[in-house]
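> Got a sequence here, can you model it:
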Amino acid sequence: MGMNKNTILGWATLIMVFMGFLLIGLGIFKYSEVSGWGFAAVGVGFLANAWVFNALKGRV
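Numbers count the residues shown, from 1 in each chain. Model prediction:
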């Protein structure tokens, strides 16, 4: 059983959600200075891209 487009988008969404929360967590807990804002902003960007990938499932 191979992976189709929807399966690949699902895995990409899951990985991007995990990375988004990981980057936000790094920004909050490890880097509490100005660089933490950058990590958190990139994490929010990952979550936004994951939302788009999730919306594309079934339409591509």
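
> shaky segments in this structure?
Residues of the chain meeting the criterion pLDDT under 70: 1.

> quick one, what contacts the residue nearest the centre of it?
Closest to where the C-alpha atoms of the chain average out (Cα atoms, centre = their mean) is M16, at 2.7 Å. Residues near M16 by Cβ atoms under 8 Å, 6 or more residues apart in numbering: 46-47, 49-50, 53. To be clear about C-beta, it is placed using only N, CA and C from the backbone, and glycine gets the same treatment.

> let's see it at 10 Å
45-54 (Cβ atoms under 10 Å, 6 or more residues apart in numbering).

> Filter those down to the buried ones.
Burial by neighbour count, judged by 16 or more other Cβ atoms under 10 Å, picks out 46, 49-50, 53-54 from the contacts of M16.

> from those, which ones fall inside strands?
Among these, no member falls in strands (criterion: DSSP state E).

> Quickly name whichever of these is closest to I24.
Checking these against I24 by Cβ to Cβ gives F46 as the nearest, at 8.6 Å.

> Touching, F21 and F46? I think so.
Yes: under the criterion of Cβ atoms under 10 Å, F21 makes contact with F46 at 8.5 Å.

> what's the closest of the contacts of M16 to T7?
F53 (12.1 Å).

> list the buried ones in the helix or strand containing L14?
Secondary structure assignment for L14, by DSSP states H and E: helix 5-25. Neighbour-count burial for helix 5-25 flags 9, 12-13, 16-17, 19-20, 23-24 (criterion: 16+ other Cβ under 10 Å).

> Out of those residues, which two sit at the greatest distance?
L9 and I24 (22.2 Å).
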